[in-house]
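A.B. asks: got a predicted structure here, sequence first:
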Amino acid sequence: MELARATNRSVRLRNRGALLTKLFLDGPLTRQDLVRSTGLSQPGVSNVVSDLIEEGLVVEAGAAESDGGRPSMMLRIAPRFAFLVGVDVGETRVRVELFDFAMTLLASVEYPLDPARTEPAEVAGHVLAGIDAVTGTAGVSTGDVLGVGIGVSGVVSQGEHAVVDAQALGWDAVPLERLIAAGTDLPLHIDNGAKTLGQAEMWFGAGRGARHAVFALVGSGVGAAVV
């Protein structure tokens with residue numbers, strides 16, 4: 001009985017993830033679109049979509065064009081369900097941006113850096129100040145922010161706290177995540193800037209629909225991501 005419940009729950013979570021991913025990346029879509037694109041059954045899609053609408057994750061976005069039959073309702077991610085902060089730590093500036101759940105840019109701020117002396121504590125301070133600035137500008141509570149994604153130059157070693165080695169910044173084993181976490185309770189995800197750029201392009205930009213791609217990030221230095 002316990003195994004059956006666990007299996008049913010894992011299947012439901014997998015189906016939920018598949019539908020959310022399609023709506024997040026390709027929405028708005030109808031229920032019929034979701035059936036065709038995910039291979040899930042009509043009842044399965046309807047049940048999960050009903051749950052997502054009840055939880056406020058998904059909303060109806062008007063009727064699709066009809067060729068004579070009953071029009072189908074379009075579904076999309078609810079933009080105000082939650083918010084996300086994105087941070088780009090470059091050699092000359094720190095940029096902090098706030099997005100709604102549909103990835104619409106709501107606010108942005110930049111802080112210049114001295115390329116000759118990029119102090120980790122200063123960068124962490126800019127990130128924290130930027131979070132306060134963009135949420136304040138957009139009138140968003142930090143309690144409604146899901147997390148903060150940070151792209152940074154150099155090699156990022158993942159562990160309990162991410163550590164950054166960045167030659168361009170003059171950093172050697174800098175505990176950047178720990179420095180930022182000292183000033184916020186928001187979940188943090190830190191990774192190499194070229195890697196995060198490559199993932200973003202595959203999801204939302206030039207890489208959409210491509211099976212393989214190479215992205216180059218050219219600035220004070222050169223980085224690349226192969227997907």
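C.D. replies: Arrived safely, thanks for sending.

A.B. asks: flag every buried residue along the lowest-mean-pLDDT helix or strand in the chain.
C.D. replies: The least trusted helix or strand in the chain, going by mean pLDDT, DSSP states H and E, turns out to be helix 2-26, with a mean of 81. Using 16 or more other CB atoms under 10 Å as the burial criterion, the residues of helix 2-26 that qualify are 15-16, 18-20, 22-24. To be clear about C-beta, it is placed using only N, CA and C from the backbone, and glycine gets the same treatment.

A.B. asks: in a markdown table, list those along with distance to G154.
C.D. replies: Shown next, in a markdown table, are the buried residues of helix 2-26 (distance: CB to CB, whole Å):
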| residue | distance to G154 |
| --- | --- |
| N15 | 39 |
| R16 | 36 |
| A18 | 35 |
| L19 | 37 |
| L20 | 32 |
| K22 | 34 |
| L23 | 35 |
| F24 | 29 |
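
A.B. asks: quick revisit: now do the first helix or strand past the least confident helix or strand of the chain going along the chain: everything it contacts.
C.D. replies: Following helix 2-26 in sequence order, the next helix or strand is strand 29-30 (DSSP states H and E). Residues from elsewhere that reach strand 29-30, judged by CB atoms under 8 Å, 6 or more residues apart in numbering: 22-23, 37, 64, 72-76.

A.B. asks: which ones among those residues are found in helices?
C.D. replies: 22-23, 37 (DSSP state H).

A.B. asks: from these, pick the one nearest E122.
C.D. replies: Closest to E122 out of the ones in helices among the contacts of strand 29-30 is L23 (39.4 Å), distances taken as CB to CB.

A.B. asks: wait, the closest one sits on V58?
C.D. replies: Yes: using CB atoms under 8 Å, L23 makes contact with V58 at a distance of 6.4 Å.
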